[in-house]
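[1] When you get a sec, could you give me coordinates for this:
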Amino acid sequence: MKTVFSLSFASIAAAMGIITPAFAEAGTAEGGFASLIPLLLIMVIFYFLLIRPQQKKLKEHRGMVDSLSKGDKVMTGGGVYGKVTAVKDDTLKVEIAEGVVITVKRDTVAGLAETAPAKEKSDKA
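    Sure, this is the predicted structure:
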């Protein structure tokens with residue numbers, strides 16, 4: 001991510017170097033809107049490089065959390081692996097060891113470690 005940010009910053013700086021003299025020659029006749037174009041360009045670049053990918057990732061995570069079912073093997077945000085034994089509205093019962101079941105809020109599930117075998121069979125059919 002650091003390289004993408006530094007690359008985008010370098011490209012913005014280069015674009016500003018190219019664009020700024022052109023607008024300076026146009027003079028004051030074009031007014032304030034022309035001076036806003038580089039700022040708008042920066043906002044568009046930030047949207048496509050930072051905000052949009054983060055929204056996409058958040059949407060995928062929300063879909064994964066909504067589709068959790070009994071038997072899925074999950075990893076929580078704290079790094080605890082376990083198997084989902086029960087699903088409620090906003091909580092899950094996760095078995096982390098034989099006979100040890102904890103209650104976990106759905107949002108804290110970081111990802112799937114493995115999907116349930118029954119779920120895989122339904123996907124193939």
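
[2] Contacts only, for residue 76.
    Taking C-beta atoms under 8 Å, 6 or more residues apart in numbering, we find residue 76 in contact with 82, 94, 104, 108, 109, 110. Using the backbone N, CA and C atoms, a C-beta is placed for each residue, glycine as well.

[3] And these, which is closest to residue 88?
    For the contacts of residue 76, the minimum distance to residue 88 (C-beta to C-beta) is 10.5 Å, reached by residue 104.

[4] What are the neighbouring residues in contact with the closest one?
    76, 82, 91, 92, 93, 94.

[5] Which secondary structure element is home to the second one?
    So the one you mean is residue 82. Using DSSP states H and E, the element containing residue 82 is strand 81-87.

[6] And for the last one?
    Assessed by DSSP H and E, residue 94 sits inside strand 91-97.

[7] Neighbour-wise, which one of the contacts of residue 76 leads?
    The most crowded member of the contacts of residue 76 is residue 94, carrying 24 neighbours; neighbours defined as other C-beta atoms under 10 Å.

[8] pLDDT at it, what is it?
    The per-residue pLDDT reported for residue 94 equals 96.

[9] any idea how far residue 72 is from it?
    Separation of residue 94 from residue 72 (C-beta to C-beta, to the nearest Å): 9 Å.

[10] Please enumerate the shared neighbours of the two.
    Shared contacts of residue 94 and residue 72, defined by C-beta under 8 Å, 6+ apart, comprise 83, 84.
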